[in-house]
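>>> This is a predicted model, with the sequence first.
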Amino acid sequence: MSRPRISRRLALAVPAALGAFALTALPAFATSSPAQIATSKTNGVAYLKSLQAADGSYAGSGLSNEWAFSAFAATGTAVVDVYPGGDTTKNARTVYRNLLSTSGWPSASPVVTDYERGALNAYAAGIDPARVSASRNLVANIYAYWQTAEAGYFGPSGNFNGTVFAALSLGGAKTQAGGARVPQALTDSMVTRIRANQHVDGGWTYNKAEGNPTVLNSAGDVDMTGAAMAALCVSGVPNTDTDVVQAKNFLKSKLVTATGAFNSMYGVNTSSNGWGVAGLNACGFNPQTGDFLTVAGKTPIDFLIANQYNPAGGFKYKPTDTTPSAYASIDALRAVAGGGFTAAPPVPVTPGAPQWVAQTAFTAGTATKLALTVDDGAGNLKVCSVAFTPTGTTTTLGDVLNAATTAATPSGCVTSLTPASGSGTVTDINGKANSGSNTWKVSIDGSAFAGAARGQVVGVGDTIALRWGA
């Protein structure tokens with residue numbers, strides 16, 4: 001399975017419009033002031049805007065520059081406000097939403113990180129990830145990769161990054177109102193797996209470590225440690241938690257005194273610094289004070305800004321490089337701006353442009369998917385994506401559960417249901433019946449759990465959680 005971003009070794013040629021500035025002198029190393037950070041953000045945004053294609057796109061069928069959306073959002077720049085040549089019809093948000101809505105996206109052989117990347121960047125762009133279009137629900141797409149035999153993992157467990165980015169996307173891409181979208185039982189299952197993969201040195205890598213003493217005792221990776229600690233924190237784990245503190249201490253141990261760089265397994269580079277700082281940001285640790293201010297007076301932010309071309313705005317990947325890298329610039333700018341791995345979309349300045357766009361109703365006859373969890377209250381959590389074709393602008397819980405018996409991925413989410421028709425109270429799912437105050441209850445998009453009835457209305461993109469209990 002591919003990593004959520006392309007190899008950082010692939011650098012982008014300097015855009016022609018910035019050629020006159022590309023090789024201007026880099027700033028001297030110094031602890032970064034608020035004014036320097038503000039300038040870095042302004043110039044970095046200008047550089048990322050220069051990466052936009054003439055048709056307004058940042059992304060294609062594979063990995064590309066849509067990670068810029070998370071960086072834009074972190075700087076306070078609305079993605080809908082980014083458009084080429086003054087043509088607002090080609091704004092980056094609309095073009096990206098159209099791409100995500102196509103049946104051929106992301107590829108003929110998608111992996112879970114494709115959908116996680118889409119969810120994180122759609123959210124930052126102001127596209128509700130569960131309601132991209134009548135047919136595209138990125139949350140449901142992610143749910144389809146749940147590993148039934150290894151609950152808590154998404155995608156093959158050997159590619160641990162799929163689970164980390166599941167936690168980042170499902171926990172970070174909140175509802176439009178800012179609430180948690182997925183049930184706590186699902187969040188807890190991912191947190192358990194992330195904890196189990198933490199190496200003895202406090203770090204993580206992209207590969208599975210759980211149950212393997214050799215891997216657990218091997219060296220962690222700055223990049224994945226930043227992502228994994230961010231995944232814990234967006235899942236609600238406090239930054240005083242032992243595992244989070246160990247991750248912070250791991251990053252501290254990788255600091256290069258003279259520059260503020262992290263000495264990663266890829267060598268000193270801005271992408272690794274960006275991911276490490278993103279983890280610190282997500283967990284509420286200041287990357288410019290305390291443990292991350294070296295005795296030489298340098299911080300990880302200093303290193304990033306020292307490798308930025310100004311006023312051109314792009315960042316080098318490595319200090320020895322002579323041109324900026326698009327991917328390194330995205331990673332670095334997001335970190336300098338104080339971001340984690342996604343951010344809520346800023347309010348646009350384009351007249352008439354809403355903060356959010358979302359499909360508002362099913363389209364009758366258009367096949368779609370919904371995200372469903374079934375928690376029997378005894379630790380047996382089932383997670384699946386339910387495929388069905390609605391006949392109207394809304395559907396019912398009963399129809400979704402009926403569809404889940406035959407069209408769920410992974411299968412087995414719902415094996416039996418009582419009653420099998422009508423609109424009455426759900427009394428039994430998968431052989432577990434209501435008993436006294438312990439009954440089947442339902443939550444939609446993180447709402448409070450309430451009695452489940454077949455006739456309950458379900459709308460496009462609703463994330464459905466069923467739970468048995470009092």
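Received, thanks. Residues are numbered from 1 along each chain as shown.
>>> Show me what the helix ranked longest in the chain is packed against.
Looking across the chain with DSSP state H, the single longest helix is helix 34-50. Secondary-structure packing of helix 34-50 (3 or more CB pairs under 8 Å, 6 or more residues apart in numbering; DSSP states H and E): helix 68-75, helix 300-306, helix 326-336. Every residue, glycine included, has its C-beta placed from N, CA and C.
>>> quick one: Ser32 and Ala448, what's the gap?
Separation of Ser32 from Ala448 (CB to CB, to the nearest Å) stands at 44 Å.
>>> wait, I meant Asn402
Counting by CB to CB, the gap from Asn402 to Ala448 is 25 Å.
>>> rewinding a little: any idea of the angle the longest helix of the chain forms with helix 326-336?
150 degrees (axes from the mean of the first three to the mean of the last three CA atoms, to 10 degrees).
>>> For stretch 343-359, give the mean pLDDT please.
What stretch 343-359 shows for mean pLDDT is 98.
>>> where does the stretch 101-250 of the chain have low pLDDT?
For the stretch 101-250 of the chain, applying pLDDT under 70 flags no range at all.
>>> For it, just list every one of the helices.
Using DSSP state H, counting those that start in this stretch, the helices of the stretch 101-250 of the chain run over 112-125, 138-143, 161-172, 184-196, 213-216, 222-234, 242-253.
>>> Just the angle for the longest one relative to helix 326-336, thanks.
This points to helix 112-125. Angle of helix 112-125 versus helix 326-336, following the same axes, to 10 degrees, is 50 degrees.
>>> same deal with the fourth one?
For helix 184-196 against helix 326-336, the angle by the same axes, to 10 degrees is 110 degrees.
>>> Return the distance of helix 184-196 from the chain's centre.
Counting by CA atoms, centre = their mean, to the nearest Å, helix 184-196 is centred 16 Å from the centre of its parent chain.
>>> between Asn402 and Ala448, which one's more packed in?
Asn402 (18 against 7; other CB atoms under 10 Å).
>>> Now for the more buried one: which residues touch it?
Neighbouring residues of Asn402 by CB atoms under 8 Å, 6 or more residues apart in numbering: Leu417, Ala420.
>>> Average pLDDT for the longest helix of the chain, rounded please.
The average pLDDT for helix 34-50 rounds to 97.
>>> ok, now stretch 450-462?
98.
>>> what about it, start to end distance?
15 Å (CA to CA, to the nearest Å).
>>> Buried residues, the longest helix of the chain. List them.
Within helix 34-50, the residues that count as buried by 16 or more other CB atoms under 10 Å are 36-37, 39-41, 43-50.
>>> Output these as CSV; include the columns distance to Pro183.
Shown next, in CSV, are these (distance: CB to CB, whole Å):
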residue, distance to Pro183
Gln36, 43
Ile37, 38
Thr39, 43
Ser40, 39
Lys41, 36
Asn43, 42
Gly44, 37
Val45, 37
Ala46, 42
Tyr47, 40
Leu48, 35
Lys49, 39
Ser50, 42
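>>> Just the closest of those residues to Ile464, please.
For those, the closest approach to Ile464 (CB to CB) belongs to Leu48, at 36.6 Å.
>>> Test my guess that the closest one contacts Asp331.
No - if you go by CB atoms under 8 Å, Leu48 and Asp331 don't touch, sitting 11.4 Å apart.
>>> Could you give the separation of the longest helix of the chain from the chain centroid?
Mean C-alpha position of helix 34-50 versus that of the full chain (CA atoms, centre = their mean) differs by 23 Å.
>>> With only the CA atoms kept, save it in CSV.
In CSV, the C-alpha atoms belonging to helix 34-50 read as follows (Å, rounded to 0.1, in the frame of the first residue of the first chain):
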residue,chain,number,x,y,z
PRO,A,34,5.9,36.2,15.1
ALA,A,35,6.8,38.6,12.3
GLN,A,36,9.1,36.0,10.6
ILE,A,37,6.4,33.4,10.9
ALA,A,38,3.8,35.7,9.4
THR,A,39,6.1,36.5,6.5
SER,A,40,6.8,32.8,6.0
LYS,A,41,3.1,32.1,5.8
THR,A,42,2.4,34.9,3.4
ASN,A,43,5.2,33.9,1.0
GLY,A,44,4.4,30.2,1.4
VAL,A,45,0.8,30.7,0.5
ALA,A,46,1.9,32.6,-2.6
TYR,A,47,4.2,29.7,-3.6
LEU,A,48,1.4,27.1,-3.1
LYS,A,49,-0.9,29.2,-5.2
SER,A,50,1.6,29.1,-8.0
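>>> Pull up the distance across stretch 306-315, start to finish.
Rule used - CA to CA; the end-to-end distance of stretch 306-315 is 9 Å.
>>> Could you check how far that stretch is from the centre of its chain?
Taking the mean of its C-alpha atoms, stretch 306-315 sits 26 Å from the chain's own mean (CA atoms, centre = their mean).
>>> Run through the residues that contact Leu466.
Leu372, Thr373, Val374, Asp375, Val426, Ile429, Trp440, Lys441, Val442, Ala452.
>>> And the second one, how close does it get to Ala408?
From Thr373 over to Ala408 the distance is 11 Å, taken as CB to CB.
>>> So which of the two has more stuff around it?
Each of Thr373 and Ala408 has its neighbours counted (other CB under 10 Å); Ala408 has more, 27 against 22.
>>> Could you give the bridge partners of that one?
Val386 (DSSP bridges).
>>> Quick one: the strands in the stretch 251-400 of the chain, in order.
263-264, 267-268, 368-375, 381-388, 395-396 (DSSP state E, counting those that start in this stretch).
>>> Number of residues surrounding Asn98?
The burial count for Asn98: 14, using other CB under 10 Å.
>>> so what does the strand or helix carrying it touch, helix or strand wise?
In this assignment (DSSP states H and E), Asn98 forms part of helix 92-101. Helix 92-101 sits against helix 112-125, with contacts defined as 3+ CB pairs under 8 Å, 6+ apart.
>>> Would you quantify the distance from Thr187 to Pro311?
For Thr187 relative to Pro311 (CB to CB), the value is 43 Å.
>>> wouldn't Ala54 be in contact with Tyr83 here?
No - Ala54 lies out of contact with Tyr83 (CB under 8 Å); the separation is 10.7 Å.
>>> more crowded one of these two?
Legend: neighbour count by other CB under 10 Å for Ala54 and Tyr83, higher for Tyr83 (20 against 9).
>>> residues in contact with the more buried one?
The contact partners of Tyr83, by CB under 8 Å, 6+ apart, come to Gln52, Gly56, Thr89, Lys90, Asn91, Ala92.
>>> Farthest-apart pair in those residues, please.
Gln52 and Thr89 (13.6 Å).
>>> who's more crowded, these two?
Neighbour count, other CB under 10 Å: between Gln52 and Thr89, Gln52 has more, with 21 against 8.
>>> Can you give me every residue that contacts the spatially closest residue to that one that is not a sequence neighbour?
Using CB to CB, 6 or more residues apart in numbering and skipping residues adjacent in sequence, the residue nearest Gln52 is Pro84, 5.5 Å away. By CB under 8 Å, 6+ apart, the residues touching Pro84 are Gln52, Ala53, Ala54, Asp55, Gly56, Lys90.
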